[in-house]
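Colleague: Pasting the sequence and the predicted coordinates here, then a few questions.
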Amino acid sequence: MIGVFDSGFGGLVVLREFLQLLPRYDYLYLGDNARIPYGTRSDRVVYRFTEQAVDFLFAQGCQLIILACHTASAKALRTIQQRYLPARYPERRVLGVLIPTVEEALSLSRNRRIGVIATEGTVTSRSFEMELHKLDPQVEVYQQACPLLVPLIEEGEQEWEGTRLILRRYLAPLQAAGVDTLILGCTHYSILKEQIQEVMGPQINLVCSGQVSAVKLVDYLKRHPEIEARLSRGGGRRYLTTDLTPRFARLAGLFMGQPVAAEVVEM
Ligand code: DGL
């Protein structure tokens, strides 16, 4: 199976893209809704929660796990790849959403000024900035934490004029910096893509990690036939959550675009 992990519902947006491009595999989605948000937590706590989720998904038989959560990708992925996997599961793989997104942004930007909007945790980790600079040391990176966006989206306020006002305020410094490409560096933000495009203007490239990560996963599986061969192909989908409230049904529907029947699990 392919495991897809997120701190909550947002990763369903990423899963949705995988299901479109790679529908024949079996997927196991895990959302840590009991402990969302991750975006405001320390490195240590995000790492601990992410490691627990990875342990859990591997124990369920996943061979490959995608960390759809940007905060987990930013704060935990490197240690999982460099220390946890070699010691515990050398044959299995954990991938994130940052690197595909960064590669896409660099391929689109002409003026080498790239903006990143993300949770506070992702911004303070500076992971996007570091990955962008690894591939192009000359690129100028402008980051903006947008802590109000996740709650606004989760409250279904994407059409509210207050949301536009808040977006204008968050995006103004990036516009002033003259970025030509903007990374939507959080699972939730693609829900506000239209509104963000409206504020930034039609000439600005927006990069959504879900779409890009799915395209890169197709390529990754071609380049790694030994991993691809271990993935089951029954077209199955299971949705697990660490907490189930009426909110789950509403938000999972919004992110997935269809109703989601989830099972509650303890990690
Ligand atoms: N999934 C998180 C991310 O992509 C957003 C929600 C949270 O803060 O946990 O960064």
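Modeller: In hand now; what should we look at?
Colleague: Okay, buried residues for the helix or strand hosting Thr71 please.
Modeller: Assessed by DSSP states H and E, Thr71 sits inside helix 70-75. For helix 70-75, a neighbour-count test (16 or more other Cβ atoms under 10 Å) marks 70-75 as buried. Every C-beta, even on glycine, is put in place using the N, C-alpha and C of the backbone.
Colleague: Tell me if it is near the ligand.
Modeller: Yes: using Cβ under 6 Å from any ligand atom, we find that helix 70-75 touches the ligand at 70-71.
Colleague: what's that helix packed up against?
Modeller: Counting contacts by 3 or more Cβ pairs under 8 Å, 6 or more residues apart in numbering; DSSP states H and E, helix 70-75 is packed against helix 43-59, helix 98-108, strand 113-118, helix 120-125, helix 127-135.
Colleague: With mean neighbour count and mean pLDDT as extra columns, can I get these in JSON lines?
Modeller: Converted to JSON lines, those look like this (neighbours: other Cβ atoms under 10 Å; pLDDT from 0 to 100):
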{"stretch": "helix 43-59", "mean neighbour count": "19", "mean pLDDT": "98"}
{"stretch": "helix 98-108", "mean neighbour count": "21", "mean pLDDT": "96"}
{"stretch": "strand 113-118", "mean neighbour count": "26", "mean pLDDT": "98"}
{"stretch": "helix 120-125", "mean neighbour count": "21", "mean pLDDT": "94"}
{"stretch": "helix 127-135", "mean neighbour count": "19", "mean pLDDT": "96"}
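Colleague: What I need now is the ones you listed written out in CSV, including distance to Met1 for each item.
Modeller: Formatted as CSV, those follow (distance: least, Cβ to Cβ, whole Å):
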stretch, distance to Met1
helix 43-59, 8
helix 98-108, 21
strand 113-118, 28
helix 120-125, 27
helix 127-135, 27
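Colleague: Compare the ones you listed and give me the one nearest Thr79.
Modeller: Thr79 lies closest, by Cβ to Cβ, to one member of the helices and strands packed on helix 70-75: helix 43-59, at 6.1 Å.
Colleague: Not counting its neighbours along the chain, what's nearest whichever residue of the chain sits closest to the ligand?
Modeller: Minimum separation of the chain from the ligand (Cβ to the nearest ligand atom) falls at Gly39, amounting to 2.8 Å. Closest residue to Gly39 apart from its sequence neighbours, by Cβ to Cβ, 6 or more residues apart in numbering: Thr119 at 2.7 Å.
Colleague: For the one you found, which residues are in contact?
Modeller: 37-40, 70-71, 145-147, 150, 186 (Cβ atoms under 8 Å, 6 or more residues apart in numbering).
Colleague: rerun at 10 Å
Modeller: Applying Cβ atoms under 10 Å, 6 or more residues apart in numbering to Thr119 gives the contacts 7, 37-41, 69-71, 74, 125, 145-147, 149-150, 185-189.
Colleague: Now it: phi and psi?
Modeller: When quoted as degrees, to the nearest 10, the phi and psi of Thr119 stand at phi -70, psi 170.
Colleague: ditto for Gln82
Modeller: According to degrees, to the nearest 10, Gln82 has phi -90, psi -30.
Colleague: Distance check, it against Val94.
Modeller: Note on Gln82: its distance to Val94, by Cβ to Cβ, to the nearest Å, is 11 Å.
Colleague: same thing with Glu226?
Modeller: Distance from Glu226 to Val94, by Cβ to Cβ: 16 Å.
Colleague: More neighbours: which of those two?
Modeller: Val94 (24 against 7; other Cβ atoms under 10 Å).
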